[in-house]
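[1] This is a predicted model, with the sequence first.
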Amino acid sequence: MDPLYAGITAWVIELAVAGTMFYGLRREEQKVIQGREKVKS
């Protein structure tokens, strides 16, 4: 049963890291979009 828990834990950690990276990327993208909107107006 220990290998199963190790595998599940590894998946959870990977998903958390990927989610954090996507969240940061989305925030940066929103900053760029807002900056472009300010320049237009």
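    Ah, there it is.

[2] how far is stretch 13-28 from where the chain is centred?
    1 Å (CA atoms, centre = their mean, to the nearest Å).

[3] Start at 242, not 1
    Got it, the first residue is 242 from now on, which makes the last one we talked about stretch 254-269.

[4] Show me what counts as buried in that stretch.
    By 16 or more other CB atoms under 10 Å, stretch 254-269 has no buried positions at all. All C-beta atoms are positioned from the backbone trio N, CA, C, and that covers glycine.

[5] Please state the mean pLDDT value computed over it.
    In this model, stretch 254-269 has a mean pLDDT of 98.

[6] if I look at the residue nearest in space to the middle of the chain, how far off is D243?
    Against the mean C-alpha coordinate of the chain, by CA atoms, centre = their mean, the closest residue is F263 at 2.3 Å. Distance from F263 to D243, counting by CB to CB, to the nearest Å: 30 Å.

[7] Check S282 too.
    Shown here: S282 relative to D243, a distance of 59 Å by CB to CB.

[8] The protein: strands as residue ranges?
    In the chain, no strands are defined using DSSP state E.

[9] which residues in it form helices?
    Secondary structure of the chain (DSSP state H): helices at 243-281.

[10] count of residues packed around G248?
    10 (other CB atoms under 10 Å).

[11] Please disregard the earlier target; I meant E278.
    E278 has 9 neighbouring residues, counting by other CB under 10 Å.
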